[in-house]
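S.K.: Next comes the sequence, and after it the predicted model I'd like to discuss.
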Amino acid sequence: MALGFRGDVADFYHRYRRGYPPESFDVVAEVFGLTPDDVAVDLGCGTGQVTVPLAGRVRAVVGVDPEPDMLARGRRAAADRGVANVSWVVGTDADVPALRAALGDGSVGVVTIAQALHWMRHDELFHALRPLVRPGGGVAVLTNGRPLWSQDNDWSRALRACLERWLGTPARNACGTDEESQSRYRESLGAAGFDVDVRAIDYTDTLDVESVVGGVLSALPVDRLPSPAERPAFAERVRQALEPHAPFTEHVRVTVLTGRR
């Protein structure tokens, strides 16, 4: 099922969602012994933040996402970088049986899921993925820090309060980055027969107000997105909320949770 991340949201997602550091892909390649003969699948690929750089490590990548607009933006991003070994497919985690029929069991080196697993039925998914991956291959679940509104610092708390006033609802979704969710994912991978490991990569980033506003807009489905006419007022509210707490330093922990077959 499409999740409403289309139209302007896809453009915000491409522009403001940060990419993953190269060390993330080093970990994935090392754990699964990826070679230029391997095929990878990036499930819930969005606009290609993992799909496109992963393509340089393998023979081909299949990017799968329920939103055609996200895939179209990813396709343009790949073309802009001269990456030609990616196929873009409309689909969800429920379409894994069709992927297995198309690619063949034991044909995939790694299935990556980058901060999208909270939209999926992970228990069923991990069991369905195990036959798809080759021996020594597996599943990599990546996160790239906590959502901008759920961090433990003053500017994030101010942003959260601002969002809750604007939307009229609590802003508590950690998008699967919280320890409770990560623990469930680890247990689920193990129960599906994978050997589980976790690696962490830490870095620090400093954001400006535009990046914070764009990051928030990239996370809102179309039906909650401020209209074009409302966006200047929304950006101004965020600026006023954040300004007393500058600079907007973010300590980011990338986690690479792997399940090896």
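M.R.: Structure's in. What do you need?

S.K.: show me where the stretch 151-261 of the chain has helices.
M.R.: Ranges of helices in the stretch 151-261 of the chain, per DSSP state H, counting those that start in this stretch, are 154-167, 179-191, 209-219, 231-242.

S.K.: Of those helices, which is nearest residue 135?
M.R.: helix 179-191 (16.3 Å; Cβ to Cβ). The way it works is simple: take the backbone N, C-alpha and C, and place the C-beta from them, glycine included.

S.K.: buried set for the closest one?
M.R.: 181, 182, 185, 186, 188, 189 (16 or more other Cβ atoms under 10 Å).

S.K.: Stretch 88-95 too?
M.R.: Within stretch 88-95, the residues scored as buried using 16+ other Cβ under 10 Å are 88, 89, 91, 92, 93, 95.

S.K.: Pull the most distant pair out of those residues.
M.R.: Taking Cβ to Cβ as the measure, the buried residues of stretch 88-95 have their most distant pair in 88 and 93, spaced 16.5 Å apart.

S.K.: mind listing the strands in the stretch 51-200 of the chain by residue range?
M.R.: In the stretch 51-200 of the chain, the strands defined using DSSP state E, counting those that start in this stretch lie at 60-65, 86-90, 108-114, 133-144, 195-207.

S.K.: With respect to residue 257, which of these lies nearest?
M.R.: Using Cβ to Cβ, these put strand 133-144 closest to residue 257, at 4.2 Å.

S.K.: what helices or strands is that closest one leaning on?
M.R.: Where contact means 3 or more Cβ pairs under 8 Å, 6 or more residues apart in numbering; DSSP states H and E, strand 133-144 is packed against helix 22-32, strand 108-114, helix 179-191, strand 248-260.
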